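>>> test case, fold it:
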Amino acid sequence: MGTRSTWTNVLLAVIALVLGAGFYFLVDATDILRQRTEVSVRELQAVRSELERLRRGIEERGLGVTGAFPGTAAQSVPPRFANADLRDPEAVDGGKLITRSGAETANMNSIINNDAIVSSYWELTYDSLASRNMKEPTRWEPLLAESWEISADKLTFTVHLRPNLFWHDFTDPTTGEAFVQVPVTAHDFRFYIDVIRNEGIHCEPVRNYFNDLDRIDVIDERTFRVIWKEPYFLSESMTLGLSPLPRHFYRFDPARPDEFNENDERNRMIVGCGPWVFQSWEKGSEVVFRRNENYYGIKPHLKEVRFKLIKEPNAALQALRKGEVDQTGLTTDQWMDQTTDELFAQRFRKIEQTRRVYFYIGWNMRTELFADRRVRLAMTHLVDRERILADVYRGLGRIVTGNFFIDSPYYDASIEPYPFDPARAAELLKEAGWADSDGDNILDRNGRRFDFIFLLISNHPYYKKIAPIIKEDMSKVGVIMNILEIEWNVYTQRLNEWNFDACGLGWSLGYEADPHQLWHSAEANRKNSSNHCGFANAEADRIIENGRREFDVDRRIALYRRFHRILHEEQPYTFLLSPCSLSAIHNRYRNVVVYPLGTDINSYWVPLAEQRLGE
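Numbers count the residues shown, from 1 in each chain. Here you go, the predicted model:
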């Protein structure tokens, strides 16, 4: 009652202010009326901002406000909620963000689609049981889970879901049936595991992570146990990172997995349970999400997020300057040369952050050309990474030699990159039997010329500059590299079918790493797997398998550093570099903070006076 009386008094004060201002306007002159109106509107906006700040402060302390101010929605915030400490107490609700997307995708189903952009869409629309704190990533904090217990042997996790969790409302695209406030239950978590374990589902990269999972036992609607077969150092993060899957939406028949893989109508939608609701996808144009007003937790401040498809980086920067987008990634040239003017600095904030990613050239080891380690090593000696870093990335990145994040303890910093050395490359190629037998300045062996196709994604801002540098250097020792640029969907199809010689790509890296998905030999002979280069090494397999069961961090570091060295010796990839992440965002967005795990879009906010009409 005391809290409600406080809010009543505050609201009465606001009403009195409005009525007083209104009376003054009636008796004053026209010019003064206009001027005073503008002042009063600003004052009221300031009062409303302060009230909103107070309301949020009470909510985030778990006091459960039941009323709401005009233009705001009351929410009962659960105690202990992941990343609540990132919120700005000055924040108000409203506004939208239009961000640039650089590539189209085939579908919206992240289980069968490994595209990074689709994963980011699911991160908006789905919640997991818990989440790492973005400031302190070693700390797990609850989302869908109210609490959990871990057995002493780390094999059994007992999870208790929060009450009042609901799936997003939707209309079935096939039957037209409307689904409203369908509860999220323990059965939906078991359904997720049932789907990804079905061998007919095209989700090999996801399925690999759950090889050591035994089962999920449902105790009741809000309680279940996750039981692992064997100790696995990622079992805690894999369990707490679990998200449910909506049974009522996918209507999965285990005997007919292709209906899940190929259902174009359902795979054009996302039905989640997180803070953002999928609203629409206009292929070739944009994807739209709106704030989930029925969200069980702390709602985002923004009301809408749009991903606008702009493939060309230069067009994206022009769109930013024109106000057509609010945020976009920047190329190194744009960062260094095209965004240094005073007007840009007044309107936008540039953000540079460490990027958990590396770029590489992958050699298809199934082909005659690249089955030989000496040839792969020669290729690396023909890639001038220092020049690429300086000329293409303008020094904004670091050369890498292995698969782990360069700042991770698993990364062996003592391993020196192979130098750019065409003479040494020529020696290795000669050892492998390649020579210019007919004097045409092209290497050959047994009647075959040394030429290959380097597969690139169309309009990639960096690889389209990297490839000509490598092509020129290779030609000097008699190696012919042909460059083929194709659209992303065709590109991934060719990789999945092993229909390539060499490819240029990058991998995003998690906070902790398990090399199994990319490097275990069990994946080398599976189509659609991430081991598209066909790497297979018995010692590497043993390290991967032992590392999965090693809970001692120091011993696991030693194992993974040895694994790093094996990759360095075998060169299935020519590891290029880890670039900085470069972007720009309009200055009206507040609380855009770079944490060890990135930025938190749910914490962004826009002052009322800077929100655009209709927001």
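>>> how about H460, nearest residue that isn't a chain neighbour?
In space, and not counting its chain neighbours, H460 is closest to G504: 7.4 Å by Cβ to Cβ, 6 or more residues apart in numbering. For the C-beta atoms, the positions are set from N, CA and C on the backbone; glycine is no exception.
>>> and that neighbour, helix, strand or coil?
Counting by DSSP: H, G, I helix; E, B strand; the rest coil, the backbone at G504 sits in strand.
>>> was I right to think it contacts S458?
No. Look at G504 against S458 with Cβ atoms under 8 Å: they stay out of range, at 11.9 Å.
>>> of the two, who's got more company?
For G504 versus S458, neighbours defined as other Cβ atoms under 10 Å are more numerous around G504 (23 against 15).
>>> residues contacting that one?
For G504, the contacting residues are F359, Y360, I361, G362, F454, L455, L456, I457, H460, Y463, I466, A467, by Cβ atoms under 8 Å, 6 or more residues apart in numbering.
>>> so what does the helix or strand hosting the fifth one touch, helix or strand wise?
Assigning secondary structure by DSSP states H and E places F454 in strand 451-457. With contacts defined as 3 or more Cβ pairs under 8 Å, 6 or more residues apart in numbering; DSSP states H and E, strand 451-457 has these neighbours: helix 463-475, strand 480-486, helix 488-496, strand 502-508.
>>> strand partners (parallel or antiparallel) of that strand?
Applying DSSP bridges to the sheet, strand 451-457 is found paired with strand 480-486 (parallel), strand 502-508 (parallel).
>>> relative to P275, which of the ones you listed is closest?
With respect to P275, and counting by Cβ to Cβ, the nearest of those is strand 502-508 at 21.7 Å.
>>> what angle sits between that closest one and helix 488-496?
Interaxial angle of strand 502-508 relative to helix 488-496 (axes from the mean of the first three to the mean of the last three Cα atoms, to 10 degrees): 100 degrees.
>>> among the helices and strands of the chain, which has the poorest mean pLDDT?
The helix or strand with the lowest mean pLDDT-type score in the chain, counting by mean pLDDT, DSSP states H and E, is helix 2-27 (a mean of 34).
>>> what ranges in this structure fall below the confidence cut-off?
Along the chain, segments meeting pLDDT under 70 span 1-79.
>>> domain map for it?
Following the assignment in automatic domain parsing, the chain carries domains at 2-77, 128-266, 357-579.
>>> mind putting those in JSON lines, distance to L330 included?
Rendered in JSON lines, the data for the domains of the chain read as follows (distance: least, Cβ to Cβ, whole Å):
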{"stretch": "domain 2-77", "distance to L330": "31"}
{"stretch": "domain 128-266", "distance to L330": "22"}
{"stretch": "domain 357-579", "distance to L330": "10"}
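>>> tell me which of those domains sits nearest to A609.
Distances from A609 to each of these were compared by Cβ to Cβ, and the smallest falls on domain 2-77, at 5.7 Å.
>>> let me see the contact set for W167.
Under the criterion of Cβ under 8 Å, 6+ apart, the contact partners of W167 comprise F179, V182, P183, V184, P246, H248, F249, V271, G272, C273.
>>> buried members of the residues you listed into PyMOL, please.
Command for PyMOL that selects the buried part of the contacts of W167, burial taken from 16 or more other Cβ atoms under 10 Å:
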select buried, resi 182+184+246+249+271+272+273
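>>> just the closest of the contacts of W167 to D264, please.
Top of the list for closeness to D264, among those and by Cβ to Cβ, is F249 at 14.5 Å.
>>> gap between the closest one and D212?
Distance from F249 to D212, counting by Cβ to Cβ, to the nearest Å: 28 Å.
>>> stretch 453-463: which residues count as buried?
When neighbours are counted by 16+ other Cβ under 10 Å, the buried residues of stretch 453-463 are found to be F454, L455, L456, I457, H460, P461, Y462, Y463.
>>> the first one contacts I486, doesn't it?
To tie it back to what came earlier, the one meant is F454. No. Taking Cβ under 8 Å as the contact criterion, F454 and I486 are not neighbours in contact, 11.5 Å apart.
>>> quick check: phi and psi on L389?
With angles defined as degrees, to the nearest 10, L389 sits at phi -60, psi -40.
>>> what helix or strand is the residue nearest the centre of the chain located in?
In the chain, the C-alpha closest to the average C-alpha coordinate belongs to S120, at a distance of 4.4 Å (Cα atoms, centre = their mean). Here S120, judged by DSSP H and E, is contained in helix 116-125.
>>> now for that helix, which elements pack on it?
Using 3+ Cβ pairs under 8 Å, 6+ apart as the contact criterion, the secondary-structure elements in contact with helix 116-125 are strand 276-282, strand 286-291, strand 304-309.
>>> got the CA coordinates for the last one in CSV?
Output for strand 304-309, consisting of C-alpha atoms alone and laid out as CSV, is shown next (Å, rounded to 0.1, in the frame of the first residue of the first chain):
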residue,chain,number,x,y,z
GLU,A,304,11.3,-2.5,-32.7
VAL,A,305,14.5,-3.8,-34.5
ARG,A,306,14.8,-4.0,-38.3
PHE,A,307,17.5,-5.8,-40.2
LYS,A,308,17.7,-4.1,-43.6
LEU,A,309,19.5,-6.0,-46.4
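>>> may I see the buried residues of the next helix or strand after that strand?
Remark: after strand 304-309, the chain's next helix or strand is helix 313-322, criterion DSSP H and E. Applying a neighbour-count criterion of 16+ other Cβ under 10 Å, the buried positions in helix 313-322 are P313, A316, L317, A319, L320.
>>> what is the nearest of these to S414?
When the buried residues of helix 313-322 are compared for distance to S414 (Cβ to Cβ), P313 wins out at 36.1 Å.
>>> ok, which stretches of the stretch 251-400 of the chain are strands?
Taking DSSP state E, counting those that start in this stretch as the criterion, the stretch 251-400 of the chain carries its strands at 276-282, 286-291, 304-309, 327-329, 348-353, 357-363, 397-399.
>>> try the stretch 51-200 of the chain
Ranges of strands within the stretch 51-200 of the chain are 96-101, 130-132, 140-142, 145-150, 156-161, 170-171, 178-179, based on DSSP E, counting those that start in this stretch.
>>> show the contacting residues for N261.
When contacts are counted by Cβ under 8 Å, 6+ apart, N261 touches I112, G200, I201, H202.
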